[in-house]
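Novice: Model the structure of this input:
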Amino acid sequence: MKQNIQKVIDKAVRKHELTREEIIVLLSCEFFHKNSLFVAANRVREKYLGDAVHLRGLIEFSNYCRRNCSYCGLQCANKKLKRYRMSMKEIYQAALGAYALGYRTIVLQSGEDFYYDADKIADLVRRIKKLGLAVTLSCGVRSFEEYRLWREAGADRYLLKHETADPALYQTLHPDSSFSERLEALIHLRRLGYQVGSGCIVGLPGQTLESLADDLLFLKALDVEMAGIGPFIPHPDTPLMSFPQGSAEMVLKMVAVLRLLLPLAHLPATTALATVGNDFRAQALRCGANVIMPNVTPRKYRQLYAIYPHKAGVKDTPVKSRQQIVEMITALGRKIATDQGHSPKEKFCQAVS
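Specialist: This next block holds a predicted model:
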């Protein structure tokens, strides 16, 4: 068995391809085999992307959401949550503060809040782009025309997690949407030339190793430029409040396998992973991750963007958050990237052609 697992790892390192069955083998591995997987993923990250860690300044500008996703504290059915919307001025000022701290990418994230119509978002993108910042949007499922307007305004990337690639499981967790709708939105983003980000949640009720393998194959097939993978964290004001938390170890294995499958993708060490344990973010950086998204949302709003409870870093100032992350990255022998961190895929293809 030890030899067989190592053969699977060696194949992934060499070909960046795996079957569903081979992915399940790696996700099932323990102890020595798990360490071998992590070492291999770290070496692939170093070979293709170097030692730089990209920091993206995250602005969570609204916690209103029209959706009712069973696992999310922002779901519209949650009447206990105090809602907020940042003004255009507040969002821009947060972006200015992030720029002053050295961030070169801003992530504008919200629930699916149609108060911010296409023109408002486009105007905001144009203003922030003038600062010399890359802009990632994460505003949920919107129309092709809205995505096109934002792309024309200068948006570089769009983050839309698929959550789970199992259509039946997706439907049970998303009573007011479908996996086909989510997939169509991702296809629209690809057609419009965005650098596309997606990702999944590990530990959802009803999830299996087979569905986790399908998540990785889905990300591989979509050839995403970024993929965020985090653990399920139950929220006390949602229907899934009594279900167990997702495994951080499984998240790390998912990140490692995905690094082998997508050597040029940007993989974050997610905030959700840091929330379940202080050291897990550093561990993710040691098994393939190369991105962190520090929160630069004004402190008065941070605790209200409660997708899950007790989110790491919500009480820290942007200065303190950055300082702590830089110290962690330096202690790992890594360095902070100074560029905007665009996908290296095109550059790499030109270099090897």
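Novice: low-scoring pLDDT stretches of the stretch 251-353 of the chain, where are they?
Specialist: Filtered on pLDDT under 70, the stretch 251-353 of the chain yields the residue ranges 347-353.
Novice: Start from the N-terminal end of it and give the helices.
Specialist: Along the stretch 251-353 of the chain, counting by DSSP state H, counting those that start in this stretch, helices occupy 271-276, 280-285, 299-302, 318-331, 345-352.
Novice: so which of these gets nearest Pro309?
Specialist: For those, the distance to Pro309 is smallest for helix 271-276, at 8.5 Å, taking Cβ to Cβ. In this view, the C-beta of every residue, glycine as well, is placed from N, C-alpha and C.
Novice: which stretches of the stretch 201-350 of the chain form strands?
Specialist: For the stretch 201-350 of the chain, the strands defined by DSSP state E, counting those that start in this stretch occupy 226-231, 291-292, 335-336.
Novice: what helix or strand does the residue nearest to Ser178 when sequence neighbours are not counted sit in?
Specialist: In this structure, Ser178 finds its nearest non-sequential neighbour in Gln171, 6.4 Å apart by Cβ to Cβ, 6 or more residues apart in numbering. Using DSSP states H and E, Gln171 sits within helix 167-173.
Novice: Point to the residue nearest the middle of this structure.
Specialist: Computing the C-alpha centroid of the chain and ranking residues by Cα atoms, centre = their mean puts Gly228 first, at 2.7 Å.
Novice: For that one, which non-adjacent residue is spatially closest?
Specialist: Gly199 (3.7 Å).
Novice: Tell me how many other residues crowd the one you found.
Specialist: 22 (other Cβ atoms under 10 Å).
Novice: where does it land on pLDDT?
Specialist: Note for Gly199: predicted pLDDT of 98.
Novice: before we move on, back to that, using PDB, write out every CA atom in the helix holding Gln171.
Specialist: Only the C-alpha atoms of helix 167-173 are listed here, as PDB (Å, rounded to 0.1, in the frame of the first residue of the first chain):
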ATOM      1  CA  PRO A 167     -25.500  18.400  -7.700                       C
ATOM      2  CA  ALA A 168     -27.800  16.500  -5.300                       C
ATOM      3  CA  LEU A 169     -25.900  17.700  -2.300                       C
ATOM      4  CA  TYR A 170     -25.700  21.200  -3.700                       C
ATOM      5  CA  GLN A 171     -29.500  21.200  -3.900                       C
ATOM      6  CA  THR A 172     -30.100  20.100  -0.400                       C
ATOM      7  CA  LEU A 173     -27.900  23.000   0.900                       C
END
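Novice: Counting neighbours, which bits of it end up buried?
Specialist: 169-170, 173 (16 or more other Cβ atoms under 10 Å).
Novice: how about the helices in the stretch 51-200 of the chain?
Specialist: 88-100, 118-129, 144-153, 167-173, 179-191.
Novice: Name the residues that touch whichever helix in the chain runs longest?
Specialist: Of all segments of type helix in the chain, defined using DSSP state H, the longest is helix 31-49. Residues from elsewhere that reach helix 31-49, judged by Cβ atoms under 8 Å, 6 or more residues apart in numbering: 2, 5-6, 9, 12-13, 26, 29, 249, 252-253, 255-257, 259-260, 263-264, 266-267, 286-290, 344, 348.
Novice: Likewise for stretch 17-30?
Specialist: By Cβ under 8 Å, 6+ apart, stretch 17-30 touches 4-5, 8-9, 11-12, 37, 209-210, 212-214, 216-217, 250, 253-254, 256-257, 260-261.
Novice: Measure how the helix or strand where Arg14 lies sits relative to helix 31-49, angle-wise.
Specialist: Assigned by DSSP H and E, Arg14 belongs to helix 2-15. Note on geometry: by axes from the mean of the first three to the mean of the last three Cα atoms, to 10 degrees, helix 2-15 and helix 31-49 are set 10 degrees apart in direction.
Novice: Pull the contacting residues for Leu96.
Specialist: By Cβ under 8 Å, 6+ apart, the neighbours of Leu96 are Leu131.
Novice: Let me fix that, I meant to ask about Lys11.
Specialist: 17-18, 22.
Novice: Now render these as TSV, adding secondary structure and distance to Gln324.
Specialist: Supplementary listing: these in TSV, determined by DSSP: H, G, I helix; E, B strand; the rest coil; distance: Cβ to Cβ, whole Å:
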residue	secondary structure	distance to Gln324
Glu17	coil	38
Leu18	coil	35
Glu22	helix	38
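Novice: could you dump these to JSON lines with neighbour count and pLDDT?
Specialist: Shown next, in JSON lines, are these (neighbours: other Cβ atoms under 10 Å; pLDDT from 0 to 100):
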{"residue": "Glu17", "neighbour count": "11", "pLDDT": "98"}
{"residue": "Leu18", "neighbour count": "22", "pLDDT": "98"}
{"residue": "Glu22", "neighbour count": "19", "pLDDT": "97"}
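Novice: Ile229 versus the closest residue to Tyr194 other than its chain neighbours, what's the distance?
Specialist: Leaving aside its sequence neighbours, Tyr194 sits nearest to Tyr158 (Cβ to Cβ, 6+ apart; 4.5 Å). Counting by Cβ to Cβ, to the nearest Å, the gap from Tyr158 to Ile229 is 18 Å.
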